[in-house]
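Participant: Just a sequence and a predicted model for now, questions to come.
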Amino acid sequence: MKKTDLLNRDVSAVIAGLGHTDMLVVCDAGFPVPPSVRRIDLAVTANIPPFLKTLETILTELEVEKIIVADETREVSPDLFKQIEALFPGLPMETMPHIKFKEVAREARAAVRTGEFTAYANIILVCGVPYA
């Protein structure tokens, strides 16, 4: 049995297959995952699983070098934005309009859909490498 917190085999397999600069989206229940992007749907009901807990669990296995967040997250869900910032101290963060965020998400290798009902609870994780 795995020792890390991440037990979902589909999410774990996607992470194992990611390379440097590949992108992984973690999104809320309403995010329009592009048809060309692999969807791993974890949503069960409203706010289950929650976005932040899902993100924190993914970070137990994924090396991240940069994050991308929509401008609207800061404006509409400022508490969530602050929590995201706290998870990535010192890491580069790019912000952009949500419409552009959705365009960039088309290039992701996969999207993990949570049950989150907080507006703009979406992030793109740009993969890094665990060595210098």
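Facilitator: Sure thing, it's come through.

Participant: Could I get the full set of strands for the chain?
Facilitator: 23-27, 38-41, 64-70, 93-96, 110-113, 123-127 (DSSP state E).

Participant: So what pairs up with the closest residue to His98 other than its chain neighbours in the strands?
Facilitator: Nearest residue to His98 in three dimensions, chain neighbours excluded: Ala70, at 4.1 Å (Cβ to Cβ, 6 or more residues apart in numbering). To be clear about C-beta, it is placed using only N, CA and C from the backbone, and glycine gets the same treatment. In this entry, Ala70 is beta-bridged to Met96, by DSSP bridges.

Participant: Would you quantify the distance from Ala70 to Ile99?
Facilitator: 9 Å (Cβ to Cβ, to the nearest Å).

Participant: Just want to know which of these two has more residues nearby.
Facilitator: Neighbour totals were compared for Ala70 and Ile99, and Ala70 leads with 25 against 10 (other Cβ atoms under 10 Å).

Participant: Next, give phi and psi for Trp29.
Facilitator: Rather than Trp, residue 29 is Ala. phi -60, psi -30 (degrees, to the nearest 10).

Participant: What is the burial count for it?
Facilitator: Going by other Cβ under 10 Å, the residues that sit close to Ala29 add up to 20.

Participant: which outside residues touch stretch 29-37?
Facilitator: By Cβ atoms under 8 Å, 6 or more residues apart in numbering, the list of residues contacting stretch 29-37 from outside reads 25, 27, 39, 43, 46, 102, 105-106, 108-111, 113-117, 122.
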